[in-house]
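1. sequence first, then the predicted structure:
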Amino acid sequence: MPRCRCVLLAVLATSFTATRADPLLTDAEAATILKAVRPAAGEDAYARVPWLTSLWEARKKAAAEGKPILLWEMDGHPLGCG
C-alpha cells in the first residue's frame, strides 16, 4: 500500500507542475462559467444589508430602533474546511 501511495503522489505532483502550451479554458469558456456562478441581479440582496461587525454596536442600535438582532455566527474555518 505505501508504494501505491508514493506512485499516486508522484502522478499528482507531475500533473500539477507540468506546463501546458494550450490554456485550460478559452476566454469564451471562462466567460460562460463566470456568468453561471456570479449572482444575477437581485440574488445578492444580503450585500445591501448594513451589517454590523460589533455585537455591542448592534445591540445599542437595535434597542434604540426597537428592532431584533440577527446574529450570524459560525465556528471553524471560514471556508468550512477543517
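-> Ah, there it is. All values derive from a computational prediction rather than experimental measurement.

2. mind listing the helices for this structure?
-> Chain-ordered helices for the chain, with DSSP state H as the definition, fall at 2-17, 27-37, 55-65.

3. lowest average pLDDT across these?
-> Ranked by mean pLDDT, these bottom out at helix 2-17, which scores a mean of 53.

4. give the contact list for Arg38.
-> With contact set as C-beta atoms under 8 Å, 6 or more residues apart in numbering, Arg38 has no partners. For the C-beta atoms, the positions are set from N, CA and C on the backbone; glycine is no exception.

5. do the same with Asp75
-> If a contact means C-beta under 8 Å, 6+ apart, then Asp75 has no contacts.

6. any idea how far Arg59 is from it?
-> The spacing between Asp75 and Arg59, counted by C-beta to C-beta, to the nearest Å, is 21 Å.

7. ok, Lys67 next?
-> Here Lys67 is placed at a distance of 11 Å from Arg59 (C-beta to C-beta).

8. higher neighbour count, those two?
-> Of the pair Lys67 and Arg59, Arg59 is the one with more neighbours under other C-beta atoms under 10 Å, namely 13 against 10.

9. surely the more buried one and Ile69 touch.
-> Yes - in this structure, Arg59 sits in contact with Ile69. The criterion is C-beta atoms under 8 Å, and the distance is 6.5 Å.

10. okay, now Ala62: neighbour count?
-> Neighbour tally, Ala62, other C-beta under 10 Å: 14.

11. now do the residue nearest to it when sequence neighbours are not counted, the pLDDT please.
-> Spatial nearest neighbour of Ala62, chain neighbours left out: Ile69 (4.8 Å); criterion: C-beta to C-beta, 6 or more residues apart in numbering. Model confidence at Ile69, expressed as pLDDT, equals 92.

12. same check, this time on Ala41
-> The per-residue confidence score, pLDDT, reads 82 for Ala41.
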